[in-house]
Structures are given as C-alpha cells and as structure tokens.
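Asker: Predicted coordinates and the sequence they were generated for:
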Amino acid sequence: MVPLNWYLMLSAVVFMIGVFGFLTRRNIIIMFMSIELMLNAVNISLVAFSHYLQDMRGQILVIFIITVAAAEAAIGLAIIIALFRNKDTVHVDEMNEMKG
Amino acid sequence: MSNYLLIPFLPLAAFLINILFGRKYLKENSHWVSILAVAGSWIVTVATLFDVLAGRVINEDLYSWIVSGEFKVSVGFLIDQLTAVMLIVVTTCSTLIHIYSVGYMHGDKGYYRFFAYLSLFTFCMLMLVMANNFLQLYFGWEGVGLCSYFLIGYYFDKKSASDAGKKAFIVNRFGDFGFGLGIIMIFLTFGTIYYEPVFSQAKGFASQTINFLGYDVHLMTLIALLLFCGSIGKSAQMPLHVWLPDAMEGPTPVSALIHAATMVTAGVFLVARCSPIFSLSETALMIVALTGAITSLFAATIGLVQNDIKRIIAYSTISQLGYMFLAAGVGAYTAGMFHLYTHAFFKALLFLCAGSVMHAMSGELDLQKMGGLKKYMPVTYWTMLFASLSIAGVPGFAGFFSKDEILWLAYSGSSPVGKFVWVIGTVVAFLTAFYSFRLIFLTFHGKFRGTHEQEHHLHESPKAMTIPLVILCIGAVASGWVGIPHLLGGGAHFTEFLKPVLGHPEAHGTHAEEWMVMAISIIAGFSGIGLAALFYLVKTDIPVMLTQKFNAAYKILWNKYYVDELYSFIIVRPAIWTAKNILIGITDARIIEAVVNGVPKGIGEFSRILRKVQTGLLQHYAAIMALGVLIIVAMMLLR
Amino acid sequence: MEQTIMNNLGFPILSTLIFLPVAGAALLLLISRSNENLIKWFSLIVSIAAFIISIPLFAEFNKSTHLMQFTEKHAWIPSLNINYHLGIDGISVLFVLLSTLITILCVLISWNSIKAKTKEFYISILIMEGAMIGVFCSLDFMLFYLFWEAMLIPMYLLIGVWGGTNRIYAAVKFFLFTLVGSVLMLVGIIVLYYQAGGTFDILELTTKTYPYKLQLWLFWAFFAAFAVKVPMFPVHTWLPDAHTEAPTAGSVILAAVLIKMGAYGFIRFSLPLFPDASKAMTPAMLTLSVIAIIYGAVICLAQTDLKRLIAYSSVSHMGFVTLGIFALNLQGMEGGILQMINHGVVTGALFLSVGMIYDRTHTRQIADYGGVASVMPVYASIFMVFTLASIGLPATNGFIGEFLIILGGFKANQWAGVLAATGIIIGAGYMLWLYQRVFFMETNQKVAGLADINLREIITLLPMIILVFWIGVYPNAFLGFMHESVKHLLERVNSGGMHEAGIAKNILEIIK
Amino acid sequence: MLPELFFGYFAAVIILLSVIVITRRNPVHSVMWMLLLFFHIAGLYLFLNAEFIAAIQVIVYAGAILVLFLFVLLLLNLREELKVKRFVGAWPAGLFITTAILVIVLGAVKSFVPGPAGKYSIEFIKQETHTKALGKLLYTDYLFPFEIASLVLLVAIIGAIVLAKRKTRSK
C-alpha cells in the first residue's frame, strides 16, 4: 500500500515546479501552463485524500476545479489574445502598465 | 365694528393688484386702484376717529402669528387716541400724495410700480401704528423701511439712487438691531410683548436692575434705550441720520410721504407709544431729550449752507424730528405728537412744493440756479410760503402752536436738562426760520439764474399737483388750531384728546414765564426771517463774504460735519478690507485651507515614495506573494 | 423601549417615499438615452408622485404627540439586531416634505441646462431623493448610516460630472470632508452599540444614559460628522467650492437638504444621546455658531462670485441654526428647526434663481451683471422676494426663524444673542449690495437683451415664494408640528439639570 | 511491492514531465509534453480508484483545454520566441523561493495525520460504481454549487467572446 504522504509529496513537488515556472518564465502562455500544473498538483492531492479518507467530497471539489480551470483557460487565453493584439508581445516583463 | 380692518388691508389689496397686474394690464391706470384704496382707508379712518372720540378703544387679535412655548404673539390691532392721530396723519397725507403723484409721475415707465410701492408703504405704516404688540410694530417698522428702500432706489438705474436706498436700509438695520433686542428684553422681562400687559406691569419693574453683557444696568433704562435705538435709526437722529439726506434720491412725493410726514415720525410714535416705559427711566428720557436737541441743532446748521432744495428740507426734517424727541425727552409726549401732526402737513407741503418746483425746472435741484419763480408758479409760491411761515413758527400758523408748546414744556417741565434743551430749541427755531426763508427767497424772489432753456420751460404744475398743495396748505395753516393753548384762550383739545394714553406733564411756571417763552420764540422766528431777507433780498453779497471769512466753518457745514466720510472710514471700508484680506486671504486660504490641503498633500508625498514598490511587473508581484507564503508557512511550522 | 405610532395609512408610506424614486431611477435605465424628453417627463412624474404621496404626512400628522409616527419595523440583519425601522416625528416630518418638494424643482430647473448625460443626471437626482428621505426617516443607526453615506455618491457625481470647470477638485473635497466626518461617526455608532448592549435602535439608545466621559468622546465623534455637514466654522471650506462648482440642481439639493442633515443630526442624535456632554459643550458650540454667523457674513462682503456669495451666506445662516439648537431652549430650538426649513427654501430658491440667469449668461461673476432689473423685471421682483427673506424681513420666513433663534440665543447667553443680531445687519449689507450690483444701476452690455424668465421657471420658483410668505405670515402651520417633539427632546436634555418647564417668567430669575 | 513500483513510475514521470513542460523554449512543445503529463496524471487517478475523474482529466484537460492552448498558440507569432531568453533575469531568486517552500512543505508532510474515514469505502464504490456515487452526490448535496459552476462557465464563454472579439469601429 502506497502511503498517502507520497501522494502529498508528489503533489507538493509538482505544485512547486508550477510555481517556479510561473515566477521565472517570460512567456505568458507557459505561465498559464504553469498555473494548470499547479491546479493539477492540487487535484492529485485531493483525489488522493478522497481515496484515503473514503470520502467523495474531494473528487467533487476536483470536478469544480476542472470546471473553473476550463473557464479560466478560456478567459485567460482570450485576454492573451487581446493583449497580444494590442502589445504585440507575449512576454510579461515587457508589460508594466500598472507601474506606480 | 371690524371694518377698521379695511384701513390697512385696502392698500395691501391695491399693492397686490398693482404688482401682479400693473405691468401688463393696468399700466397708466394703476393710480386708480391705489387712490381708491387709500381714499377708502381715509374714509374708514375718519369713521374710526369718531368712534375713538366717543371713547371706544379697539384692542383685538386677528389671528395667532407665532407660538413657541411661552412666546405667543398675534396679528392684532389697537386703536386708541394715539393710533387715531397717527391714522389720520398717515391716511390724509397718503391720499393727498397719491393724488399729487398722478401728476408728478406722469409718463414714468415704472408708473404701476410706483403706485404699488406707495400702497405697500401705506399698508405697512398702518400696520405699524395699529399694532397691539411689539412684534407687529416691528413688522410694520421693517416694512416701511423696505418700502423706503424701494422708493429711494426707485430710479434704480442711477447708481446714486440705488446706493442711497441700500444705505437707508442698512443704517436702519443698525437701529433695528437695538430695537429687536429691546423687544427680546421686553419679552424676557414681562413674558409677553403685548402693549397692554407690558405697560401695566412696567411700574412693578421700576427699580429693577439686571446684568446685561456683564454690566449691571437699570432694567427700564436698558429697555427704553434699546427701543430708542430703533427710533434713532428710523427717525434719522444722530448718529444714524446719514441716510435721510441721501434718501432725497427718491421721487419727491416719496420724500414728502415717507421721509417727512409719516415713516420718519415712526420713531417719535414709538417713544410716545412706550411712554410708560420711558417715563420710568430718567436717564433714558434725558438721553432722548439731548439726542433730539443736539440733532436738531446739528441738522439746522447743516441746512444753513446747502444748495440742494430737497436736501435743505431733508435737514429741516431731521431738525424737526429732533424737536419732537426733545419734547418726548422732557416728558411732553403730547407736545411731541402735536408737533408730529402739524409737521406732517407743513413738511409734506414743503416737499410737494419743492417737487412742483423741480417739475417746472426739469429736475433741477440747485437753489443757485433758481430765482424769481414767483411769477411763473403762483400757487406753488403761496403754498410754500405758508408752509415756511408755519415751520418758522409765525403766530397763528400750525407750527407755532406745536413748537411753542414744546418750548414751554421744556422750559417749565421737571426734566433736569429742560432749560438747556429749551435754549437749544430756541436757537434752532431761529435757524429754522432763517434757512426756510433763505430757500423761499432764493427760489422765488430775485432774478432767474438758470439757463435760458429752463426759463422758457417754466410753468405752473397741473391740477393733480396743485390741488393737494392747496389742501395741505390749509392743513399747514389750520391744523394747529385744534391745540391752541389755554393761555391764548384755546381749549388745548389735542392735548386733552391724547391725555388718556400719554398723560401730560405738569408745567411748573407762571403765566408770565409762559408769555416770555412764547415771546422769545416769536422773536427768534421773526429775526430768522428778517436775517434771511437781509442776506438774500437786500444785501446779497453778505453770504458770499461770510462764506469767505469763515471758510473753515463753512467747509465743515457744507460737508455735513464729514459724518459720511467718518462712517466709510471706520465701518464700511474696514469691514470689506477685513473680509478680503484677513478672512479670505488669511483665515480661509492660509489657515483652514492649508490644513485641508496639507493633509492630502502629505499623504500624497508618502504614497509617491511608497508607489515605487509597484513595478507593474506581474512576476514581481507573484514573487512577493510566494515569498509571503514562504514566510507564513515557515512561521507556522517553526513556531 | 419607547412606543411608536404605527403607520395606519394602509400602505407603507415612508418606504414608498424612499423607494419610489429609486425604482424610478431603475426604470430610467430602461429608457433610451436619446429620448431625452421622455427621460425628463418621467423623472418629473416620479418626483411629483413622490411629493403627492408625501402630502398625507402633512395632513395626517398627529401634532399632539412626540412619538414616532408612520413607523414600519422589519428585521433586517437579525444576527446583529439591525432592523429596517422607519418613522418620523415633528422634527423630521418637515424635512421629508422639503426633500420631495425640492426634488421636483431640481428636475424642473435642470430641464434645459443639463445637456450631457441627461439620463445619468436624473438617475442621480432620484437616487439622491430616496437617500435623503431615508436619512430623515431612519430609526435604526445602521440604516441611517447607510442612507447617510448613500447620499454622498449621487452628490459626488452631480458635482463631479455636471459641475463647472474646477469640478473634480470640488467634488473630491466635498467627498473627503464629509467622509472623514462620517467615519468618525461610524466609530461612535459602534461604540454605542456595544455600550447599549447590542442595539442600533435609535429610540432605544436615546433612552439610556451613558457615562459622562464616554458621552464627551462620542459627542465629538458625532460632532465631526454633523459639523462638517452643517458646515460649522472651521470645517466650512468645502461648501463654497462645492456650491460654486455644482450644477444648479446640485447646489439646490446641497443647500436645501443636504446641509440640513448636519443640524438634523445634532437634534436627533447628539442632544438626546449625550445630554450631559451637549450641555457641557454648549459654550463651545455657541461660540462656533456665532463665529460662523459673523465670519460667514463678513466674508460675503468680499465675494465676487454669485454662487460663492450665497454659499458663504449659507455658512452664516447655518450658524443661526446651530445657535438656536444649542441655545437648548424651546424658542431657540424651534427657531433653529424652522430656520433650517427657511434656509432650505430661501437659499434653495436663490440658487435656483442664480441658475436661471446663469443659463442665460454663463457667468457667475457679479461684475458681469448690472441693471438686470430693467431687462428682466419679473425675475428681479422674484429675486427680491428671496433677498428679503434671506435678510429676515418680517412677513417672510427668514424673520420668524431668526427672531426665535436670537430670542432663544439671548436667553441662553446674552453675548450670543447680541452678536448673532449683528449678523443680521451684515446680512442686509451683503445681500442688498449683491442685489444692487446685479439688478440695479446701468444695464451691463453682457445682460442687455436677455429674455425674462419663462413660465416653467416661474412655476419652479412659485412654491418657494408661497412658502416664503406662508411661513412668514402664518408660521404656526409649521411650528405646530414641532412643539411636542421639541418639548420632549428638551426634557430629555435638561432632565437632571436645569429644567425647562418654567420658561423665563422673568429674566431676573434666570440671570441671577 | 507492485503498487509502490507503479506509483514510483508515475511519480517520476510526472515530475520529469513537469520540469520539461516549464523549460521548453517552444510553447508548442510544452503543450505536447503537457499532454503526456495529463495522461500520466489520469493514470494515477485510475490507480486511486477514480475512474470518472480520470476520464474527465483526459477529456476536459487533454481534450479541451490543451487544444485551446494550441489554437491560441497558432494565433500568435512564435518565430521570435525561439530566439529570445526563456527565463527572467532573476530566475535564481524564484528557484530559491520555490525550493525553500518545497523543503519546508516536504518536511511538514511527514507529520501529516489523516482524519477519520468516511462511508465511501472501496467496496461501497465497487458496489455502487464510481460514476454513480459521484453523480448522486453531485446532483443532490452539491446541486447548488453545480449550478453556479454552470453559470461560471456561461460567464466565461461570454467573457471570452467579448474579450477576444476584434473591436469593430462604428462608422
């Protein structure tokens, strides 16, 4: 029997890889993929919990997360298109509209 | 017996009709409405007078005006002997002057407006004299002030006229300031502001003192003097007399009605009405007497040198009003009221005659440009001459009886300043005769000194103007006959009539003294006339010589003792200067606004530094967030 | 818990009054913005309907009791004991009526002068009306606070969007001033909530007693909110800017209703909640009032801008109001409340009038006018009526209020009465000077040939003229509403201390 | 032993693929590697007795979302992408922060204690079938959130259209 902790560790590692990708990549699409990665990491731990605690609620949550991820991807990609159209770039370090 | 309500409300109705419909519909016919209304008032007034003569005094409330806790006041009417006299004076003068105005104001573009204001004035004046409480008196008081403001500034496109109107209103406000406080003090003292209970309780407070603004003062003196403040303003006494000469900017009928016969005498009426209060304070009476005496002397001296025909009469009015206060101040309220009554006729007549002259001279006011008008306008000349004889105190004319009574009561009364004010009064009688006849001689005698065009245009005024002159002239001559003193075999009916309201002071003198006082005043009058004749008919170079010799004195008189300049220097300019430079410039801009704008500015500076943190780069924010997560997780685990 | 008189009109009149305009605003959203006439007429109808609905308040009001009337009470947030609790008494009823009347006039005056964003403008006005009525009717502190702040937003928009050249500055200043004050009040409300054991009910709170120290702190916290709104002397500087920049309707609402809220707050909250502190702070309040009266009046003498002058005159007039309130006697208080109505009518009318001529000349500089009376005689006459009411001529409403206030003020403190009376002299000075410079003297080229006011404008001003004389000639019609409520309030304030019952039979007793 | 080996394989591949996904220069390659990654995650779900989740992982994530990514990538110009730097200058800082958090979290996982077990035991699910059990729960207790989720999707659709629509200038 694989211990629950292993899944959690796997989840943590994948999550952190996602965080690293988000923090360091310049390409906004890769950053988006990093976010998907993080969501998947969370999903892994939720499904694992659900399995080990014999409770369906974790999986219910996963379904909602996937739903939100789909919505987020749609909106986010739409924003990227709009952004690319206006700025002609997909590199986040070239955008600092919000500079104070 | 409630048709007395028609007396004030007919003119009010006329005002409303004229102001609402005059401009579009009535136009040149506006005067009918007003004249009918005022004449109606006059008829009811006469009927009421007979009621009062029969001893019926009316004192009723119409409706409750203001109720706030203990403070209750109604719109109500008191018609007693004093009111009846005032009613007669007001409605008679008002009716005649309304008629006169038809001729005088003919063709003016604001015709309807003029009659509307005149009617409104009549209404307010009637409300003033008919009030049965102080607040309604105050209503009428302010109301006549307002009409005065409107009518002085009637030619509002002239700056001097609108200035004069404003000045009249504001100067009066200074007086009303005291008057209002006086009413408040009356309420706080008596718990009511109706005449009847106030006057009947007044004796009970005769020796009370109270703390007023930190000073212990005699209660009745305080109230009397506060009320007197109002009188000073309205009746143009020193030091608030400055508005009346300027008020001559208004049309002449207005000067006659408001600034001679009725409104300005309201101050005297107030003192007479409040005689139960004034009588309780010797100090207050003394101040009233001295104010009146000094004002009358002061104004008479200015009147000596002026050249503007209306201003001379205006100063004469101030001087005569001073006379009335002088009378009231020595306790001779009836004499003051008597003079008020006769003065209304001859002074209104003088103004109307002056108006007639102006009408002929196309608006010219300078005496030096007139002369010899006698042959062109005989009616005006004779009526004005009679008015001048009356004001100069020539025996038999109305002014003689009232003036004589004042002087005699001043001389013989118990007032501590009685003898002093008698001396002043006699001097003023001399001066009055002098300047009145100076005016007559310069205007009607000698050669015409105006332009050729003016001379060509000279004519007698139309009937609408001369008929009122004649009627008033009868009044100026005969109105005094109702008060011929016992000494001359008369019945002193006027005094007897008013006695129930005003009382009558005891005269402490012998018949011989009374004869002496009368003789002195007659001599003063005749010598004034004589001197004027000498200066302006016989040796016309004397005045010029005197002017040169006493140049400094002449300058002072010519500039009216520089009172206007003084006020401008110590009140008007400092107020505006303070507003501009200190309140706006320093308090508002440098202190309050500095704090108000300073706080946000400080916050702004702070955030300017703080905002450098905001790089606008997405990953910086994310990194800081991750760092935050790191710190929080570390803290939770390493705790 | 005090009892109240439930609403027995068959429909929730106060809720209707609050939400009818709001619903009207919502419906306006559905109207196409190009259909300006429909927008205007619809707003006019809504505002008139609100006014008609408010008439029963005037007619059916029970003047013989101080209790809250027409009340409605529903649980709103039960967990915090917050209720939707409405009701009016003799102090607030007149303000509700004033609000509904003023809104009609604001719609009328803006008929032609608002050309841009018409729809949004009328939406703001209607929402404003609902919030204003809400403030006067709320009997629950949270509800009150909600309306109090809700009022800010439409006003902010009115100034900031449809204002003059410097509108943004004025709008932000207005917003920040009032917000700073009301935030302090919020803190005070929450402290009260805990102090009173968890209730926001105003009627309940005003029957409790609080420790003196706490009263003092809370008094100043509430003072911050109310004094800014009034505005009292040191915090008045937002008013001239806001008035000057606001569109006519904004100025009118601001002058007629909004700044009344401050004084209303003092009467409704500060006095009954903190009677001891109020009494202790009376000297300070009287001093500030007198300073405001004289300061506001003197500063008017130097103004060159029509609206600014009237704005500063508001400072002076509101000084009278606070003087009357803090005289803490019947005449002063009733005079103060009446003067609030008067000031609403007169200053509102003055701003309406100025707006009318501004629409024609597009200048507010006094120097650009002169001789208007020759060109626009009807307008000049009407303006004269308001000028006279403003300087307190008897038979106009201004006199009744000012006289009662000075009477009350004098009773409370002689100096206060005397100094306040000087304000009346200066008041006559600046108003008549203004009138002279605008209407008299030779006709200025800039105003030559102006058309006199039209029927719509006359109708706009007519209610104000009627009120000026109605209150002036028969003030009992209005004072009658207040007697019981004011008496009750003063009993609350003076209970324990000096008793009000024997009102000055004799001044000597009071002074000695 | 077999389950551990099985898990070990999936875990190793998932981590490796994750690293590959975030380090590719060409985004298209990233997407492709991610596809593989998602299949492995689905496998892991199956291993955890969550067939339905595994199915939607493949259908929604792999089938829909990644395709969307590819579409978007096709709309953008990626020629230059191949020539420029992949990482921001301060990537070591990011590495430090993530590693630090990871170390702490991994350290903390050891002391994790699972709570009490619920009623959805493996036997129960076997008897009920996974999809049915999940569906029952979703359409009864979680109906309201489910409906909200549908609303969120609706809003997302509208939002995406509005955002991505080319602004047509009127007139």
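Answerer: Received it, and whenever you're ready, just let me know what you need.
Asker: check contacts around residue 7.
Answerer: This is for chain A. By CB atoms under 8 Å, 6 or more residues apart in numbering or on different chains, A:Tyr7 lies in contact with A:44-45, A:48, D:48. (Each C-beta comes from the backbone N, C-alpha and C, glycine too.)
Asker: That was the other one, I meant chain D.
Answerer: A:2, A:6, D:44, D:47.
Asker: Does it lie in a helix or a strand, and which?
Answerer: Here D:Phe7 sits within helix D:2-23, counting by DSSP states H and E.
Asker: I'd like the next helix or strand past that helix.
Answerer: Heading C-terminal from helix D:2-23 (DSSP H and E), you reach helix D:27-47.
Asker: What residues of that following helix count as buried?
Answerer: D:27, D:30-35, D:37-45, D:47 (16 or more other CB atoms under 10 Å in any protein chain shown).
Asker: now stretch C:370-380
Answerer: Buried, per 16+ other CB under 10 Å, within stretch C:370-380: C:370-376, C:379-380.
Asker: tell me, how many neighbours does the residue lying closest to B:His459 once chain neighbours are set aside end up with?
Answerer: Spatially, and ignoring its direct neighbours in sequence, B:His459 is nearest to B:Ala360 (5.8 Å; CB to CB, 6 or more residues apart in numbering or on different chains). B:Ala360: 20 surrounding residues under other CB atoms under 10 Å in any protein chain shown.
Asker: go on, B:Asp108?
Answerer: If we define neighbours as other CB under 10 Å, then B:Asp108 has 14 of them.
Asker: repeat for the one 3 residues further on
Answerer: A count of nearby residues for B:Tyr111, using other CB under 10 Å, gives 22.
Asker: How much space separates the most centrally placed residue in chain A from A:Val68?
Answerer: With distances taken as CA atoms, centre = their mean, A:Ile35 lies nearest the centre of chain A, 2.4 Å away. The spacing between A:Ile35 and A:Val68, counted by CB to CB, to the nearest Å, is 11 Å.
Asker: you'd agree A:Lys99 is in a helix?
Answerer: No. Under DSSP: H, G, I helix; E, B strand; the rest coil, A:Lys99 sits outside any helix and is assigned coil.
Asker: Can you give me the distance of it to B:Ile193?
Answerer: Taking CB to CB, one finds A:Lys99 at 73 Å from B:Ile193.
Asker: Tell me which of the two has more neighbours.
Answerer: B:Ile193 (21 against 11).
Asker: which residues does the residue nearest to that one when sequence neighbours are not counted contact?
Answerer: Nearest residue to B:Ile193, sequence neighbours excluded (CB to CB, 6+ apart): B:Phe134, at 4.3 Å. By CB under 8 Å, 6+ apart, the contact list for B:Phe134 reads B:183, B:186, B:193, B:195, B:198.
Asker: Quick one: the residues you listed as JSON lines, columns for pLDDT and secondary structure too.
Answerer: Converted to JSON lines, the contacts of B:Phe134 look like this (pLDDT from 0 to 100; DSSP: H, G, I helix; E, B strand; the rest coil):
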{"residue": "B:Ile183", "pLDDT": "90", "secondary structure": "helix"}
{"residue": "B:Ile186", "pLDDT": "88", "secondary structure": "helix"}
{"residue": "B:Ile193", "pLDDT": "86", "secondary structure": "coil"}
{"residue": "B:Tyr195", "pLDDT": "86", "secondary structure": "helix"}
{"residue": "B:Val198", "pLDDT": "86", "secondary structure": "helix"}
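Asker: Pick the one among these closest to B:Pro8.
Answerer: B:Tyr195 (17.3 Å; CB to CB).
Asker: Touching, that closest one and B:Leu270? I think so.
Answerer: No. Checked against CB atoms under 8 Å, the pair B:Tyr195 and B:Leu270 is beyond contact range at 11.4 Å.
Asker: more neighbours, those two?
Answerer: Neighbours per residue (other CB under 10 Å) separate B:Tyr195 from B:Leu270, with B:Leu270 holding more: 24 against 21.
Asker: Low-confidence bits of chain D, can you list those?
Answerer: Applying pLDDT under 70 to chain D picks out residues D:77-78, D:167-171.
Asker: Okay, B:Gly178 and B:Ser568: tell me how far apart.
Answerer: Using CB to CB, B:Gly178 is found at 22 Å from B:Ser568.
Asker: more crowded one of these two?
Answerer: Between B:Gly178 and B:Ser568, B:Gly178 has the larger neighbour count (other CB under 10 Å), namely 20 against 13.
Asker: Hmm, B:Ala224 and that one touching each other?
Answerer: No. Proximity of B:Gly178 to B:Ala224 does not meet the contact threshold set by CB under 8 Å, at 10.8 Å.
Asker: Pull out the buried positions in the one helix or strand B:Tyr411 maps to.
Answerer: In this structure, B:Tyr411 sits in helix B:398-412 according to DSSP H and E. Under the neighbour-count criterion of 16+ other CB under 10 Å, helix B:398-412 has B:398-412 buried.
Asker: Any residues of chain A in contact with chain B? List them.
Answerer: Within reach of chain B by CB under 8 Å from any CB of the partner chain, chain A has these residues: A:19, A:22-24, A:92-93, A:95-100.
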